[in-house]
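Q: Starting from these lines, generate the structure:
(chains A and B)
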There are 2 protein chains.
Amino acid sequence: MMATFRKLALLAALFPGAAMAAPPADDTAWDFIAGLTSEVGQRLAGSEAEARGRAWAADKLKAMGFRNVAIEPATTRAYVRGTDAARLTVPVPQRLAVSALGFSGTTPDAGIEAEVVYFASLDALQAAPAGSLTGKIVFLDHAMRAAQDGSGYGPYGQARRAGPAVASTKGAAAIVIRSIGTDSHRNPHTGVTNWPAGVTPIPAAAMSNPDADMLVRLIGKGKALRMALTLTGRTAESLPTGNVIGDLPGRNPALPPILVGCHLDSWDLGTGALDDGAGCAIVTAAALKAQSAGPTLRTIRVLLAGAEEIGAAGGAAYAKAHPERHALAMESDSGSDRIWRVEMKFAPSNAALADKVAASLAPLGIVRGKGEVEGGADVGPVIKAQKLAVIDLTQDMTHYFDIHHTPDDTLDKIDRAALTQNVDAWAAVLGVVANAAEEIAPAD
Amino acid sequence: MMATFRKLALLAALFPGAAMAAPPADDTAWDFIAGLTSEVGQRLAGSEAEARGRAWAADKLKAMGFRNVAIEPATTRAYVRGTDAARLTVPVPQRLAVSALGFSGTTPDAGIEAEVVYFASLDALQAAPAGSLTGKIVFLDHAMRAAQDGSGYGPYGQARRAGPAVASTKGAAAIVIRSIGTDSHRNPHTGVTNWPAGVTPIPAAAMSNPDADMLVRLIGKGKALRMALTLTGRTAESLPTGNVIGDLPGRNPALPPILVGCHLDSWDLGTGALDDGAGCAIVTAAALKAQSAGPTLRTIRVLLAGAEEIGAAGGAAYAKAHPERHALAMESDSGSDRIWRVEMKFAPSNAALADKVAASLAPLGIVRGKGEVEGGADVGPVIKAQKLAVIDLTQDMTHYFDIHHTPDDTLDKIDRAALTQNVDAWAAVLGVVANAAEEIAPAD
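A: Numbers count the residues shown, from 1 in each chain, chains lettered A, B, ... in the order given. Purely as a prediction, here's the structure:
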């Protein structure tokens, strides 16, 4: 402990930005996640649990010293889960671990039973002749593997986002996809699917990877498969959601604030520890840490958004309700592992500020990327509306999609040392940008 | 591949016993587990699925070249699973991942709801005053950690085996124990519990470790807990089970055979890949490998026992049906990881044979233990009846109780390289003992 403290003191001398961000480790972020996941639990968008999450978070922000704490109501289209069940009936009875996708169509309470048709990829499904799937249950496979930057989720996630609509247009009775996940546990990965205008929703579920492997083995042996599927959840067109916001006021309230975002809702299978309890814990803990030696020059505002998982209604509502000028936005929504890269999008006039941010992160082992920022679903709308400067702190996502949207998204999956590094990195950046006296210009 | 083959050829020259056991890697054991878990799936004792497992295994043994293949019927007391569900109702609604224990008492279909009383250990529960638990749901915690030799399962498993009866005698309405397992996934570990004569069965379930952690956090904050619990399964006093046996005949059928055992039934949550599809795959593949260069001197008999998980009725039935003299017994029922130790129990007259067995294993990295044999539940009864010599090949169980009795007991958890080493070790031992011309005497 003393050795660490001395090392931090040395860093403080060498890198003032990092130094302010790195007092001895504290438990602020961990306690936030532990409290939220234990005292609230899952926070499905539009549910009573999400509302309890907002009340909990508002109380928590006040207790942490945030000012102007407010719950800002909004509404969202949402998915209300029912019974999810599936089993093989032919060639052998086998229970299958499945979970309905958000916005899945609904089966009768007694379920449906049909022949299974296998597709190794979304491309293969798209190539199926029109009408060739009538009355059948599609089993859509794919080959997503773990990647440090999480880049498999974009392309392979299309199997979940777009696959069900493709199956519907070709007449399928239902679709079950291999979970968009990189683990091998009997825990399916849920998530939303999208139905373009005019496409009829069909029952759509994700199956755990070990179950998908088993189906592939049977298919590989030339067996014909039939599956029974029950998914009784329903889509609700308008349910209450909302954002929780809070400020750590800066010394100069006239300067546009720094906005740091996350989302407070979660999928309902786990308790939303990594996705995105961790993100909310990281941004709040880092904001406090950045002001641990006194207020920063600019106000730091936290946005704990509602209903991200199901369409990002919270982020859109924030952008609409807050046209006042912001300086810069950041978001944490990739778990709680270590930050390994920083990506920045600044106006050319802020090149020196960007260099200062990068320098503040170098002592933490964080490399500078090529400037390919993503922003995120919650701060995205205000970034777009105001052409804001953006900083992405890229977390190590090698293990993120083992857990993402599963029952296993629980506190025990969080590595405290990694979480501490993550908060330190965020605090280092906030220590720089929230103390920037120069204008932070629109970035494009 | 060639390098491996040359190395094996070298081993063959140095260690004839191991050499016979180590031709280039084959897929016999893997294919056995893949087939059993895919084409049959779970094989709960007493169920129709267990019967399908026997038919599958008998066909498989015949196809592998075993002789005298027979299904020997028996009966067993059994547990028929119903609906398992639990949730916290106070202080906050939280779904809990639970599974009924075998022989659990039964709740009404609508479940029960009661105050939760926490005990940190079985000792603490035993110390509770008589009548102090009336109408309450006991939450029994414990501190099992992973161990290479699996030794935590004995003492900590008592929370599952004996805890429910203790709670019942003190008036509890039900009991939920922290899973007897070392993982951190939302998958509970089932297993039997025991009700001594005169003790009334109460509903009894295991909860996943992440859920148990969450309860402990709430209790640690001083919260009072209430839980709703539904466990509708029932005990059946007599259901059909049975053993599958098969021989690889030896050159001298007059010599008592070598018996190698495993169990064919499994818990119903997973597909019984590690427990004990792997054991049956290992003993059958090793027996074949030991005879790959021609019949051994003695017959090798495989016993794929029924209903081990629920009271070991198969092993008892085998001992009763087969009073004919056996030479030695071995069992595989600890997963599919590497063998790291050999334990032997021989008569003093067989000391040279024991040394030869140990020498055959040394090239595989296997150390000789202190002779503390366990035998196993399936071959235990015949060992006891005939005072048989026993060899235990101790598998690495560091990760076994991550998976044991959970939905996660599926093929993907099996490491093929480790499985190959395991089969090689078994084949090396069989190459020695099945070719022993000397009398293998009773060991005590």
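Q: On the three-state scheme, residue A:390 is what?
A: State at residue A:390, reduced to three classes by DSSP: H, G, I helix; E, B strand; the rest coil: strand.
Q: again, but for residue A:73
A: Counting by three-state DSSP, the three-state call for residue A:73 is strand.
Q: Now the residue most central in space within chain A: phi and psi?
A: Against the mean C-alpha coordinate of chain A, by Cα atoms, centre = their mean, the closest residue is residue A:333 at 4.3 Å. Residue A:333 has phi and psi values of phi -150, psi 50 when expressed as degrees, to the nearest 10.
Q: what does the one 4 residues further on give?
A: Backbone dihedrals for residue A:337, given as degrees, to the nearest 10, come out at phi -80, psi -180.
Q: Residue A:98 pairs with what?
A: With DSSP bridges applied, the residues forming beta bridges to residue A:98 are residue A:207.
Q: ok, residues contacting stretch A:249-256?
A: Under the criterion Cβ atoms under 8 Å, 6 or more residues apart in numbering or on different chains, residues A:67-68, A:257, A:295-300, A:324-327, A:434, A:440 lie in contact with stretch A:249-256. Using the backbone N, CA and C atoms, a C-beta is placed for each residue, glycine as well.
Q: For the one helix or strand residue A:351 maps to, which residues meet the burial criterion?
A: Residue A:351 belongs to helix A:351-361 when assigned by DSSP states H and E. For helix A:351-361, the buried set under the neighbour-count rule, 16 or more other Cβ atoms under 10 Å in any protein chain shown, comprises A:353, A:354, A:356, A:357, A:358, A:359, A:360, A:361.
Q: Report the buried members of the contacts of stretch A:249-256.
A: When the contacts of stretch A:249-256 are checked for burial by 16+ other Cβ under 10 Å, the buried set is A:257, A:295, A:296, A:298, A:299, A:300, A:326, A:327, A:434, A:440.
Q: Within range of chain B, give me the residues from chain A.
A: Where chain A comes near chain B, counting by Cβ under 8 Å from any Cβ of the partner chain, the residues are A:34, A:37-42, A:49, A:52, A:91-95, A:97, A:184-187, A:209-210, A:213-214, A:217-218, A:221, A:270-271, A:406-408, A:410-413.
Q: buried subset of the residues you listed?
A: Applying the neighbour count, that is 16+ other Cβ under 10 Å, the buried entries in the residues of chain A next to chain B are A:34, A:37-42, A:49, A:52, A:92, A:94-95, A:97, A:184-187, A:209-210, A:213-214, A:217-218, A:270-271, A:406-408, A:410-413.
Q: Restricted to helices, list those.
A: Among these, the ones falling in helices (DSSP state H) are A:34, A:37, A:38, A:39, A:49, A:52, A:209, A:210, A:213, A:214, A:217, A:218.
Q: I'd say the last one and residue A:91 touch.
A: Yes: using Cβ atoms under 8 Å, residue A:218 and residue A:91 qualify as a contacting pair, with a distance of 6.6 Å.
Q: Return every residue with contacts to both of the two.
A: Contact criterion Cβ under 8 Å, 6+ apart; residues bridging residue A:218 and residue A:91 by contacting each: A:225, B:39.
Q: quick one on the thing from earlier: let me have the buried ones among the contacts of stretch A:249-256 in CSV, adding pLDDT as columns.
A: CSV is the format used below for the buried ones among the contacts of stretch A:249-256 (pLDDT from 0 to 100):
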residue, pLDDT
A:257, 98
A:295, 98
A:296, 98
A:298, 98
A:299, 98
A:300, 98
A:326, 98
A:327, 98
A:434, 98
A:440, 98
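Q: which residues of the stretch 301-444 of chain A score low on pLDDT?
A: By pLDDT under 70, the stretch 301-444 of chain A contains no weakly predicted segment.
Q: In helices, which of the contacts of stretch A:249-256 fall?
A: Among these, no member lies in helices (by DSSP H).
Q: Among those, which one sits closest to chain B?
A: Set against chain B, the nearest of the contacts of stretch A:249-256 by Cβ to the nearest Cβ is residue A:67 (26.6 Å).
Q: Report the separation between the closest residue in space to the closest one that isn't next to it in sequence and chain B.
A: In space, residue A:67 comes closest to residue A:247 once its chain neighbours are excluded; the distance is 5.0 Å by Cβ to Cβ, 6 or more residues apart in numbering or on different chains. Between residue A:247 and chain B the distance, using Cβ to the nearest Cβ, to the nearest Å, works out to 28 Å.
Q: in a strand, that's where residue A:247 is, yeah?
A: Yes: secondary structure of residue A:247 (three-state DSSP): part of a strand.
Q: Measure how buried it is and give me the count.
A: Residues lying near residue A:247 (other Cβ atoms under 10 Å in any protein chain shown) number 18.
Q: List the contacts of it.
A: For residue A:247, the set of contacting residues under the criterion of Cβ under 8 Å, 6+ apart consists of A:66, A:67, A:68, A:257, A:299, A:300, A:301, A:302.
Q: Quick check, pLDDT for the first one.
A: This points to residue A:66. Residue A:66 carries a pLDDT value of 98.
Q: doesn't residue A:248 make contact with it?
A: Yes: here residue A:66 lies in contact with residue A:248, judged by Cβ under 8 Å, at a distance of 6.1 Å.
Q: Now for those two: what residues contact both?
A: Residues within reach of residue A:66 and of residue A:248 at once, by Cβ under 8 Å, 6+ apart, are residue A:302.
Q: Pick out whichever of those two has more residues nearby.
A: Comparing residue A:66 with residue A:248 by other Cβ under 10 Å, the one with more neighbours is residue A:248, at 27 against 22.
Q: right, and the more buried one touches residue A:285 too?
A: No: between residue A:248 and residue A:285 there is no contact under Cβ under 8 Å: 11.6 Å.
Q: Stretch A:327-343: how far from the chain's middle?
A: 11 Å (Cα atoms, centre = their mean, to the nearest Å).
Q: start to end distance for it?
A: Between the opening and closing residues of stretch A:327-343 there is a gap of 17 Å (Cα to Cα, to the nearest Å).
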